[in-house]
Structures are given as C-alpha cells and as structure tokens.
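[1] Structural data only, the sequence is not supplied:
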C-alpha cells in the first residue's frame with residue numbers, strides 16, 4: 001500500500017510529516033472530517049474534504065489507523081433505535097414510503113461515507129488498500145468486520161462485470177503490466193522475465209480483467225497452456241525450456257494459475273466471469289480446442305489429513321520427501337492418498353460446501369471434478385500443501401450453467417463416477433500402509 005497520498009494528490013512531504021507528528025490528533029481530525037463529509041452538499045467542497053481525509057489517513061501510524069478503524073466501526077453504524085422505529089412503521093404501514101425509509105436507516109452511514117470518499121482521483125485504489133489493512137487486523141479485532149463487509153458490498157457493485165474489461169496480455173504488453181504479473185503471481189512463482197516470456201509464448205495465453213478506476217493494474221489474471229490432451233503434471237507446463245507446441249496439434253486449454261492481484265478485493269467474485277469468458281473466447285478463436293480444464297492445487301489436503309486418525313500410520317513414510325523418488329514408497333502412498341484426497345474433496349465439509357477452497361471456487365463456477373493426479377506438483381509448496389496431488393476440474397461449456405445452478409441450490413458436486421467410488425472406498429480412521 002502507498003505510504004503517502006503525495007503520489008495521488010501531489011501534496012508536499014512536509015505537510016504529511018507535520019500531521020504524522022501528532023498521530024492521535026490526526027486520527028481524530030480525520031474522523032471529524034468524515035462526519036463533515038457526510039453532511040456536505042457541495043461537490044467541490046466534498047471532494048476537498050475527501051482529499052484531506054485521505055491525506056490524514058496516509059500519514060497515520062499503524063496504531064492510529066487501528067483507532068481510526070475502530071471509530072469507523074462504532075460511530076458510522078446504523079442507529080438501533082432508528083432501525084427499530086422504521087421497522088415498526090413499515091410493519092404497521094407497509095408502503096413504498098415506509099420501506100424506503102427503512103432501507104435508508106438500515107444502511108450503515110459508512111457506505112455513504114465510502115461513496116463520497118470515492119469521488120476524488122485514485123480513491124478507489126486507496127479504499128481497496130484500506131480494506132486490505134482492515135483484513136489484516138481482523139483476526140485480532142473481529143469488531144472491524146462491518147468495515148470489511150461494507151467495502152465488500154460496495155466493491156461488488158463498483159467492480160461489477162460490466163465495468164471490467166478483458167484484455168489478453170502478451171510479450172508486447174506494457175512493461176509495467178508485465179512486471180506486475182511477476183510480482184502478483186500467487187500460484188506458481190514466475191522466475192523473472194525469461195520465465196514470463198515462455199508463459200506468454202504462442203502455446204500459452206494470459207488474460208486479465210482491468211478496471212477503469214485502476215487502468216494500469218490487473219485486477220485478476222489467469223494463465224493457460226494450450227496442450228494436446230489434459231495435463232496431469234504442472235512442472236512440464238512451467239518449464240521455461242519446454243518446446244513450443246504447434247497450435248494445430250493443441251486440443252485442450254489448461255487453466256493452471258489464477259491470481260487475484262489485490263487482497264483488498266478478497267471475496268469479490270471475479271474469477272467465475274474470467275474463466276467462463278476466456279473459455280468462450282478461446283473456443284471462438286481456436287475452434288480445435290474442445291477441452292477446457294484446470295490443473296489445480298489442493299491447498300487444504302495436507303493440513304486436513306494431519307487431523308485424521310489415519311495420519312499416524314502414514315507419517316513415517318511422509319516424514320521426508322524421499323518417497324517422491326522411491327518407487328515402492330510412492331506406489332504405497334499413491335494407493336493410500338489418492339482415495340483419501342477423493343474423500344477430502346467430496347466428503348470433508350465447511351458448512352455445506354467442500355472444505356477445500358479451490359474446490360469451492362471451481363464447483364461454484366459450474367466445473368466438474370474430473371481427475372486426481374498423483375505427483376502433479378512436486379515443488380516444495382506442492383509437496384507441503386497436498387503431498388504433490390493436483391486436480392483437473394473440467395469446464396464443459398454446455399454444462400456450466402446446469403452444474404452451477406445445481407451446486408448453488410443443493411451443493412451437489414459434479415464429479416466423475418470413479419472419484420465418487422474412490423471417496424466411498426476409504427475411511428480416514430482406518431487407512432493402513
């Protein structure tokens with residue numbers, strides 16, 4: 001996050017230093033201006049006040065920001081008595097007028113405050129960063145959750161699909177955008193520009209969503225390998241020295257990495273739109289492609305397995321990574337871990353949905369759980385998080401909507417029958433190797 005709003009509104013560093021010298025007073029002054037902004041009617045003076053709030057916020061110490069957040073949570077929430085009175089009025093006289101009044105008093109004043117703050121240049125970027133900072137504080141300060149929720153509610157509208165533009169990123173894209181791909185990539189680290197150049201070669205694709213309020217910043221991007229057949233291992237796709245495939249031989253598009261670039265936008269649903277639109281775009285431009293699948297990690301599997309009774313028997317073999325190259329140990333672990341992974345993906349739950357976050361994401365989007373791949377990712381992180389297992393989720397364009405509707409209504413998981421059989425064949429309490 002920027003340390004100073006100088007980058008945004010061109011103010012001198014001296015002024016920022018002056019307000020930083022009295023941190024508590026700075027936070028109180030910012031809150032006072034927030035109240036003023038909510039009562040200000042003039043657009044020009046409102047923009048001036050919003051700029052001053054951002055200036056003060058950028059100069060606050062971490063402790064002062066926490067106090068600022070706490071006051072935002074307390075003083076800019078709906079008034080319980082007003083809500084109760086408006087609710088009772090609507091109950092007695094359910095009319096458009098009483099409903100409108102109820103909706104008005106129920107909405108937290110914070111939301112209107114954030115709308116008014118968003119009127120100055122680059123404010124959207126600052127508000128995204130503000131939400132990120134609140135998210136970092138949330139584990140130890142759960143009372144700040146309303147700020148996260150209010151900004152998330154607004155971002156869902158401000159970053160609506162209708163405002164996003166889909167752009168293909170290739171080696172000719174602006175250098176600063178290419179640098180940001182390297183910086184933001186969260187699934188499979190990009191080892192510099194030679195690695196990036198291979199990921200943008202003729203048999204690769206990268207697409208990103210951009211937003212007009214942050215025009216030079218990718219919001220989310222996806223990397224795709226065009227292959228012959230559905231890939232089961234990620235290392236060949238990441239090899240910078242791998243030969244470039246003749247596109248006339250490619251029949252599959254493998255989505256092997258999707259990265260949300262801004263933690264402040266966590267929970268805003270871009271990914272489903274991105275994957276579906278990219279699949280449709282690729283299908284039109286490259287009609288030979290008829291398989292659209294992911295090669296996805298299973299990030300929660302290892303942590304979940306370590307909580308199961310069967311892990312005690314598996315731990316000696318998994319104590320180090322020698323089993324990756326030991327054929328006998330690898331076969332024994334494959335026979336045990338693949339069914340357990342199937343059980344984890346289909347039976348382990350977080351509420352009504354799968355425990356695994358990647359599974360939740362793709363199943364909500366209408367994908368089908370197609371295949372579990374042994375030793376699909378033998379990188380240190382792949383072995384640590386999922387003992388090397390990866391999963392193919394298949395997007396069949398004529399079934400996406402059906403799978404999505406069924407999952408969101410009943411949480412029924414679309415999965416291949418052999419994975420369902422594997423999941424039923426194992427009991428995590430009674431697995432022996």
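    Done, it's in. Here the structure is a predicted model, which means the values were calculated and not measured. Numbering: from 1, shown residues only.
[2] The residue found closest to residue 365 once you drop the neighbours it is linked to in the chain: neighbour count?
    Spatial nearest neighbour of residue 365, chain neighbours left out: residue 272 (4.2 Å); criterion: C-beta to C-beta, 6 or more residues apart in numbering. Quick note: C-beta positions are derived from backbone N, CA and C, even for glycine. By other C-beta atoms under 10 Å, the residues close to residue 272 number 17.
[3] For residue 272, give me its contacts.
    361, 364, 365, 366 (C-beta atoms under 8 Å, 6 or more residues apart in numbering).
[4] Please point out which parts of the strand or helix carrying it sit buried.
    Using DSSP states H and E, residue 272 sits in helix 271-285. Using 16 or more other C-beta atoms under 10 Å as the test for burial, helix 271-285 gives 271, 272, 273, 274, 275, 276, 277, 278, 279, 282.
[5] can you give me how far that helix is from the chain middle?
    Distance, stretch centre to chain centre, for helix 271-285: 18 Å (C-alpha atoms, centre = their mean, to the nearest Å).
[6] I'd assumed residue 143 was in contact with residue 73.
    Yes. Using C-beta atoms under 8 Å, residue 73 makes contact with residue 143 at a distance of 5.7 Å.
[7] Show me which of the two is the more surrounded one.
    residue 73 (20 against 12).
[8] Can you name the residues that contact that one?
    143, 144, 146, 147.
[9] and what of residue 116?
    By C-beta under 8 Å, 6+ apart, residue 116 lies in contact with 37, 38, 40, 46, 50.
[10] mind redoing it with 6 Å?
    Residues in contact with residue 116 (C-beta atoms under 6 Å, 6 or more residues apart in numbering) are 37, 46.
[11] In which helix or strand does it reside?
    According to DSSP H and E, residue 116 maps onto helix 109-117.
[12] what about that helix, distance to the chain center?
    Using C-alpha atoms, centre = their mean, the offset of helix 109-117 from its chain centre is 24 Å.
[13] helices or strands next to the longest helix seen in the chain in the packing?
    Ranked by residue count under DSSP state H, the longest helix found in the chain is helix 327-347. Judged by 3 or more C-beta pairs under 6 Å, 6 or more residues apart in numbering; DSSP states H and E, helix 327-347 is in contact with helix 301-305, helix 417-424.
[14] could you redo these as CSV and give each row distance to residue 58, mean neighbour count and mean pLDDT?
    Shown next, in CSV, are the helices and strands packed on helix 327-347 (distance: least, C-beta to C-beta, whole Å; neighbours: other C-beta atoms under 10 Å; pLDDT from 0 to 100):
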stretch, distance to residue 58, mean neighbour count, mean pLDDT
helix 301-305, 37, 20, 96
helix 417-424, 51, 15, 96
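[15] Looking at these, which is nearest to residue 247?
    Closest to residue 247 of these is helix 417-424 (C-beta to C-beta; 31.1 Å).
[16] Could I get the full set of helices for the stretch 51-200 of the chain?
    62-75, 80-92, 96-106, 109-117, 123-137, 145-158, 175-184, 192-199 (DSSP state H, counting those that start in this stretch).
[17] Run through who's touching the shortest one.
    Going back to what we said before, that points to helix 192-199. For helix 192-199, contacts defined as C-beta under 6 Å, 6+ apart pick out 171, 182, 190, 240.
[18] so what's the third one up against?
    So the one you mean is residue 190. 182, 196.
[19] Which helix or which strand is home to residue 207?
    strand 204-211.
[20] In TSV: the helices of the stretch 51-200 of the chain, plus distance to residue 26 and mean pLDDT.
    Output for these, formatted as TSV (distance: least, C-beta to C-beta, whole Å; pLDDT from 0 to 100):
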stretch	distance to residue 26	mean pLDDT
helix 62-75	6	94
helix 80-92	30	92
helix 96-106	31	92
helix 109-117	17	96
helix 123-137	15	97
helix 145-158	19	96
helix 175-184	31	95
helix 192-199	41	96
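[21] a markdown table please, covering those helices and showing distance to residue 333.
    A markdown table is the format used below for the helices of the stretch 51-200 of the chain (distance: least, C-beta to C-beta, whole Å):
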| stretch | distance to residue 333 |
| --- | --- |
| helix 62-75 | 45 |
| helix 80-92 | 57 |
| helix 96-106 | 54 |
| helix 109-117 | 50 |
| helix 123-137 | 37 |
| helix 145-158 | 40 |
| helix 175-184 | 34 |
| helix 192-199 | 30 |
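[22] Parallel or antiparallel, which strands does the longest strand along the chain pair with?
    Once the chain is assigned using DSSP state E, the strand that runs over the most residues is strand 214-227. Applying DSSP bridges to the sheet, strand 214-227 is found paired with strand 204-211 (antiparallel), strand 252-260 (antiparallel).
[23] tell me how far that strand is from the chain's mean position?
    13 Å.
[24] Just after it, pick out the following helix or strand.
    helix 235-238.
[25] Distance from that next one to the middle of the chain?
    Worked out by C-alpha atoms, centre = their mean, helix 235-238 lies 23 Å from the chain centre.
[26] Who are the packing partners of that helix?
    For helix 235-238, there are no packing partners by 3+ C-beta pairs under 6 Å, 6+ apart, so no helix or strand.
[27] If you average the pLDDT over that helix, what comes out?
    Mean pLDDT, helix 235-238: 96.
[28] still on that earlier bit, residue 294 is nearest to which of the helices of the stretch 51-200 of the chain?
    helix 192-199 (16.1 Å).
[29] now the closest one and strand 204-211, what's the angle there?
    Helix 192-199 and strand 204-211 are oriented at 110 degrees to each other (axes from the mean of the first three to the mean of the last three C-alpha atoms, to 10 degrees).
[30] got the buried residues for helix 192-199?
    For helix 192-199, a neighbour-count test (16+ other C-beta under 10 Å) marks 195, 196, 198, 199 as buried.
[31] ok, back up a step: the strands paired with strand 214-227 into JSON lines, with extra columns for distance to residue 354, mean neighbour count and mean pLDDT?
    JSON lines is the format used below for those (distance: least, C-beta to C-beta, whole Å; neighbours: other C-beta under 10 Å; pLDDT from 0 to 100):
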{"stretch": "strand 204-211", "distance to residue 354": "25", "mean neighbour count": "22", "mean pLDDT": "96"}
{"stretch": "strand 252-260", "distance to residue 354": "17", "mean neighbour count": "22", "mean pLDDT": "95"}
